[in-house]
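pasting the sequence and the predicted coordinates here, then a few questions.
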Amino acid sequence: MILVLNAGSSSLKVEVFGPDLTSMMSGAVSSIGTQGTIKLGDMQRDVKTADHAEALALMIEALTAAGITIDKLTAAGHRVVHGGTILTEPARITPQVIAAIKSVIPLAPLHNPNNLAAMLALQDMAPDLPQYVSFGTAFHATNPEVATRYAIPQTQHDAGIRRYGFHGLSYAHLTESFGADLPRRLLALHLGNGASLCAILDGKSIATSMGHSPLSGLTMGTRSGDIDGAAVLRISAALGEDETDRILNKNSGLQALAGDFDMRALLARDDDAARFAVEHFCYWAARHAGSAIIAMGGLDAVAFTGGIGENAAPIRKKIMAHLACFGEVPVHVVAADEERQIARDAIALMDAGY
């Protein structure tokens, strides 16, 4: 059995998979640091946890009570948001890998430390359990330099200011789901509160809409998507760096346009603001899609994933209407499953002898 851990800023999600990637049980601890809940299968109760280590200890207790003890686990797999340019493929966790993850914390200061906290806590609890890690940026490591390089001075590029891309685990799972039927030129859209798209050519990412951070690219739930750097500087000069960060990441996107980031609610509304927000979301998804199609040299199929991509048929229809100029192509809907991809990565590394 493979235990997959996904540590967020204030949450810890877990899922247990069998060797055939069948999901056996899933759960989560929410609101770490304050009053929250622990849920595993049909069990749910209120808890208060101080940190991710305490949350993990409670989850291990709950798993044990459900009959899944640490000694029955074959391995554990972890999600790390950012691997930078160093960590570009899944790896077994070693002191060297941990040091490398720490070295790229400046690229994801709100996420990588929490990802690390979970793996270090599990190491203390089960030092002999093999642990593996998958990176949210790794799928895009195959992008050519022309797609990742900003036209900025070399010193800034050398300091790490470049495009990385995100949602990589989602795109990796989507690609795997096609098996031998994978289209050669596949436009993949991960649409949720965070939204991005990826040009997948012969199974490899060659361009993606998110860049140095998850802020750029498509219109999102609360993120602005692409915005002129001069506009960011102007906002920052007036309001300061922290407030600008809050506005662009937490109070922009659909939230700014229509007062709500829930696409279901917006589609149910019948007012100008909601209609405009929906059109803005679809228009800019299609605008970025055109760029991705150019990067692939054409289009053979489109795949949607993520909460909106999977469940909002009107959004898919509107985006495909914008893309009609590229001809009629098959449209696929693929359920997002980053946890299954993490388990798949761990099994592949074990099979390879790591």
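Sure thing, it's come through.

surely residue 117 is in contact with residue 49?
No - with contact defined as Cβ atoms under 8 Å, residue 117 and residue 49 do not form a contacting pair (11.8 Å). Every C-beta, even on glycine, is put in place using the N, C-alpha and C of the backbone.

tell me which of the two has more neighbours.
Neighbours per residue, other Cβ atoms under 10 Å: of residue 117 and residue 49, the larger number sits with residue 49, 23 against 18.

so the closest residue to that one other than its chain neighbours: helix, strand or coil?
Residue nearest to residue 49 in three dimensions, not counting chain neighbours: residue 55, with 4.4 Å by Cβ to Cβ, 6 or more residues apart in numbering. The three-state assignment at residue 55 reads helix, by DSSP: H, G, I helix; E, B strand; the rest coil.

quick one, helices of the stretch 51-200 of the chain?
52-65, 95-103, 112-125, 145-148, 154-158, 168-178 (DSSP state H, counting those that start in this stretch).

what sits up against the shortest one?
In this case it means helix 145-148. 162, 163, 164, 206, 207, 295 (Cβ atoms under 8 Å, 6 or more residues apart in numbering).

so which of these would you say is closest to residue 224?
Nearest to residue 224 among those is residue 163, at 16.9 Å by Cβ to Cβ.

residue 143 is in contact with that closest one, correct?
Yes - counting by Cβ under 8 Å, residue 163 does reach residue 143; the two are 7.2 Å apart.

can you give the domain ranges for this structure?
Domain assignment for the chain, taken from automatic domain parsing, gives 2-135, 181-333.

nearest to residue 354, of these?
Per Cβ to Cβ, nearest to residue 354 of the domains of the chain: domain 2-135, 4.4 Å.

ends of that closest one, how far apart?
One end of domain 2-135 sits 17 Å from the other (Cα to Cα, to the nearest Å).

among the contacts of helix 145-148, which are in strands?
Taking DSSP state E, the ones among the contacts of helix 145-148 that sit in strands are 206, 207.

related to what we said a few turns ago, which residues are in contact with both of residue 163 and residue 143?
Residues touching both residue 163 and residue 143 by Cβ under 8 Å, 6+ apart: residue 208.

so what's the nearest residue in space to residue 84 that is not next to it in sequence up against?
Nearest non-adjacent residue to residue 84, counting by Cβ to Cβ, 6+ apart: residue 104, 3.7 Å away. Counting by Cβ under 8 Å, 6+ apart, residue 104 makes contact with 82, 83, 84, 86, 87, 112.

nothing else from me, thank you.
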